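Asks: Show me the folded form of this:
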Amino acid sequence: MMKIAIFDYRAGNLFSLKAALERNGAEVTIIRDMEDLDRFDGLVLPGVGNFDPAIESVAKGAGRLEKAIDSGMPVMGICLGMEMLFNRSEEGKLEGLKILDGEVVMLPKRKVKVPHMGWNNLKIKGKSRFLKGVKDGSWVYFVHSYRAAPASKKLVVATSDYGTTVPAVVEKGNLVGVQFHPEKSGDVGARMIKNFLAMCEEAKEEK
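Replies: You can find the predicted model right below:
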């Protein structure tokens, strides 16, 4: 059983995320610092909260987070958790974690209703361990007002259309970011969570 940590920004209820991970075979601990990351097989940065407060809550442990990623620990950022990995966001004034190169920008308010809340389908663009077994066109659940704008399109393995092309899944080695909420995306989301846990198991075996 994979030991997964969910980082708590103290911004909202993490029950549905914790329950989804547990349903798919994980042992889950909610943490509020990065002190003992080496006790876990994987880390999830959840999608609840606002950019600046979330960055502030992670800032003290940013060095440990980078070290964990460099060591091969799989990390999944969901919505805000993905957005924090980039250099900056239009939502906040603080700098991002700068783990992925690029920025986060607001959805086009003149074209579409913001925030975007609801189901939308994925266009799979490339090979992805996280999307193994997920069919092109699968529907997932979004709740967001911003989207990532990565410096390199090579990071983007799936997109979705909502007034603009939204990078829905970014993947770089052991690092995965999703703009939607896998824990609210039914069987498709469960498949992705299982894939993330498989990534954690592979990384553990390679140590």
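Asks: burial count for Gly137?
Replies: 9 (other Cβ atoms under 10 Å). No exception for glycine: its C-beta is placed from N, CA and C like everyone else's.
Asks: cool, Asp52 as well?
Replies: 13.
Asks: is it true that it touches Lys93?
Replies: Yes - counting by Cβ atoms under 8 Å, Lys93 is a contact partner of Asp52 at 6.2 Å.
Asks: Would you point out which residue is most central in this protein?
Replies: Nearest to the geometric centre of the chain sits Gly77, at 2.1 Å (Cα atoms, centre = their mean).
Asks: any idea which helix or strand comes after the helix or strand where that one lies?
Replies: Element membership for Gly77 (DSSP states H and E) is strand 75-78. Using DSSP H and E, the helix or strand that follows strand 75-78 in sequence is helix 80-83.
Asks: pLDDT of that next one, averaged?
Replies: Mean per-residue pLDDT for helix 80-83: 98.
Asks: Mind giving me the packing neighbours of it?
Replies: With contacts taken as 3 or more Cβ pairs under 8 Å, 6 or more residues apart in numbering; DSSP states H and E, helix 80-83 sits against strand 42-45, helix 51-59, strand 146-150, strand 175-178.
Asks: CSV for the ones you listed, including mean pLDDT?
Replies: Compiled in CSV, the helices and strands packed on helix 80-83 are given as follows (pLDDT from 0 to 100):
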stretch, mean pLDDT
strand 42-45, 98
helix 51-59, 96
strand 146-150, 98
strand 175-178, 98
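Asks: Of all the ones you listed, which one is nearest Ile69?
Replies: strand 175-178 (6.0 Å; Cβ to Cβ).
Asks: Now the element after that closest one, going C-ward?
Replies: That would be, after strand 175-178 and using DSSP H and E, helix 186-206.
Asks: model confidence over that next one, on average?
Replies: Averaging pLDDT along helix 186-206 yields 96.
Asks: Now find how far off-centre that helix is within its chain.
Replies: 13 Å (Cα atoms, centre = their mean, to the nearest Å).
Asks: Please export the alpha-carbon coordinates of the strand ranked longest in the chain; PDB is fine.
Replies: Criterion DSSP state E: the longest strand present in the chain is strand 165-172. Coordinates of the C-alpha atoms in strand 165-172 are reproduced here as PDB (Å, rounded to 0.1, in the frame of the first residue of the first chain):
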ATOM      1  CA  THR A 165      -6.800  25.900 -25.100                       C
ATOM      2  CA  VAL A 166      -6.400  24.900 -21.500                       C
ATOM      3  CA  PRO A 167      -3.400  22.700 -20.600                       C
ATOM      4  CA  ALA A 168      -5.300  20.100 -18.700                       C
ATOM      5  CA  VAL A 169      -2.400  17.700 -17.800                       C
ATOM      6  CA  VAL A 170       1.300  18.600 -17.600                       C
ATOM      7  CA  GLU A 171       3.800  15.900 -17.000                       C
ATOM      8  CA  LYS A 172       7.600  16.000 -16.400                       C
END
